[in-house]
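> one predicted model, sequence on top.
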Amino acid sequence: MQPDPLLQRSLNAVWHPCTQMKRHERQPLVPIVRGEGPWLIEAGGRRLLDGISSWWVNLFGHCNPDINAALHEQLDTLEHVMLAGCTHEPVVALSERLSALTGHRLGHAFYASDGASATEIALKMAVHYWRNLGRPEKNGFACLAGSYHGETVGALAVTDVAIFRDAYAPLVRDATILPTPDARTATGGESAADVARRAAGILEGWLAQHHARTAALIVEPLVQGASGMVMYDPEYLRLARALCDRYEVLLIADEIAVGCGRTGSFFACEQAGIWPDLLCLSKGISGGYLPLSLVLTTDALYAAFYDDDSARAFLHSHSYTGNPLACRAALATLDLFERDDVLNANRERARRLGEAARDSFSSHPAVRHLRQRGMIVAFDIEGAATDFASRFFTAGLSHGVLLRPIGSTVYFMPPYVIDDTHIDHLMAGARAALAAALA
Ligand SMILES: *Cc1c(COP(=O)(O)O)cnc(C)c1O
């Protein structure tokens, strides 16, 4: 077979994200020409099942006919208008529907394009909120060990993943890193809820000392994705909410990865029965079609900015804020949740996914901590070599699956359109990839 000319052109002209480009001397890029439901189709015709929703963004398959139709219509109506001084139906309707999904607890939506920008907005809003309340000294942040909230300079302050941070340390402001309630750290008969209470006890001690200088605690509810699908008990969120209230610290829920039904409820926070003061959404909200992110806030937070003085306003903008096409993709995505009763249907889909993963991997001698929260299933490989993830990825491709382990953690995070046949294909591909990666 002739090498695909697209690969060489890409290597000559494109700087790929999160990639040591020299590695592509040995590991070819995967040239995708078409998408079709959960499948990605390569230039040579090979079909890959997208087991990780293309970096966790795709919800209802590639080239989804309903989202496509909505976008075609929007494209012929209004492609973009600035959101400062102007407004339009898609952004209004989306804000109203998201507010309704929170039971109107988070009644205001502020828009941007990528997840890291939503984090930046939440951090800036939290600090500006306290400043508007006459307490500018409350400007510090706390996050959890292993947290990931994006890779821009501001978001890196609350991202505890060394490889993303070390080179940029001189640019990054310090935040306090508190213990994660990672359920895998349970010892001697502890339950996941016990681990959560232990971690919340440390949060309490820290807040008691530092609340006067702290603006907000930021968490990834239930699953810390980028540090390896770290899962924890909802009890931590209940306790963190109560402690933030007691110590007058805002709670930011970064639901960029875990929102939009990924953990079983539309928002992960719902499983703890709490609402944050600020909630970040991105990734799945546009169905995986267009860059869109947003921060939902309480009316109380919004009210602290509402004034005759423009210096008290939230002064932040991006050129594409509230882009009508992206908002329309999000509306079409929410329509699918309603029309197909997706949260309910996903209960059975998630049960099948978990069962298939347990059948395939729970008795494998190298597999540890097989775990699941909704449509995320993960396990760790004991004694994995440093090149385990890339070997697994490459072997997966030759068995028709797109899977990309994080270090020694293998995970499945497929779109919500996979059926039993797809699940069988995914597990067969993963079993073969694991055998090849460990060989
Ligand atoms: C992906 C992610 C982000 C960053 O989103 P980008 O669109 O990649 O900037 C932030 N927080 C979490 C939890 C994420 O998973």
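Okay, I see it. Numbering: from 1, shown residues only.
> please make it C-alpha for all contacts and neighbour counts, starting now.
Noted.
> where does residue 238 fall, secondary structure wise?
Using DSSP states H and E, residue 238 falls within helix 235-246.
> direction included, what does the helix or strand that that helix is followed by pair up with?
Downstream of helix 235-246, the first helix or strand assigned by DSSP H and E is strand 250-254. Each strand paired with strand 250-254, and its direction, by DSSP bridges: strand 214-219 (parallel), strand 278-281 (parallel).
> okay, those in CSV with distance to the ligand, mean neighbour count and mean pLDDT next?
Shown next, in CSV, are the strands paired with strand 250-254 (distance: least, Cα to the nearest ligand atom, whole Å; neighbours: other Cα atoms under 10 Å; pLDDT from 0 to 100):
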stretch, distance to the ligand, mean neighbour count, mean pLDDT
strand 214-219, 8, 26, 98
strand 278-281, 8, 28, 98
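> got TSV for those, with distance to residue 247 too?
Shown next, in TSV, are these (distance: least, Cα to Cα, whole Å):
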stretch	distance to residue 247
strand 214-219	9
strand 278-281	17
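> wait, which of those is closest to residue 85?
strand 278-281 (23.6 Å; Cα to Cα).
> now what about the very next helix or strand once past that closest one, what contacts it?
Sequence-wise, the next helix or strand downstream of strand 278-281 (DSSP H and E) is strand 293-297. Outside of strand 293-297, the residues within contact range by Cα atoms under 8 Å, 6 or more residues apart in numbering are 99, 106-115, 117-118, 121-122, 277-283, 285.
> direction included, what does strand 293-297 pair up with?
Here, using DSSP bridges, strand 293-297 pairs with strand 108-112 (antiparallel), strand 278-281 (antiparallel).
> and stretch 240-255, what's buried?
Buried residues in stretch 240-255, counted by 16 or more other Cα atoms under 10 Å: 240-241, 243-244, 247-255.
> let me have those in a markdown table, extended by distance to residue 435.
Shown next, in a markdown table, are these (distance: Cα to Cα, whole Å):
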| residue | distance to residue 435 |
| --- | --- |
| 240 | 41 |
| 241 | 43 |
| 243 | 46 |
| 244 | 46 |
| 247 | 51 |
| 248 | 51 |
| 249 | 48 |
| 250 | 46 |
| 251 | 43 |
| 252 | 41 |
| 253 | 38 |
| 254 | 35 |
| 255 | 34 |
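> interface residues of the stretch 101-250 of the chain facing the ligand?
The stretch 101-250 of the chain has residues 114-116, 148-150, 220, 225 near the ligand, with proximity defined as Cα under 6 Å from any ligand atom.
> pull the number of nearby residues for residue 370.
By other Cα atoms under 10 Å, 18 other residues sit near residue 370.
> just to be sure, it is in a helix?
No - counting by DSSP: H, G, I helix; E, B strand; the rest coil, residue 370 falls outside a helix, being strand.
> any idea how far it lies from residue 64?
31 Å (Cα to Cα, to the nearest Å).
> many thanks, have a good one.
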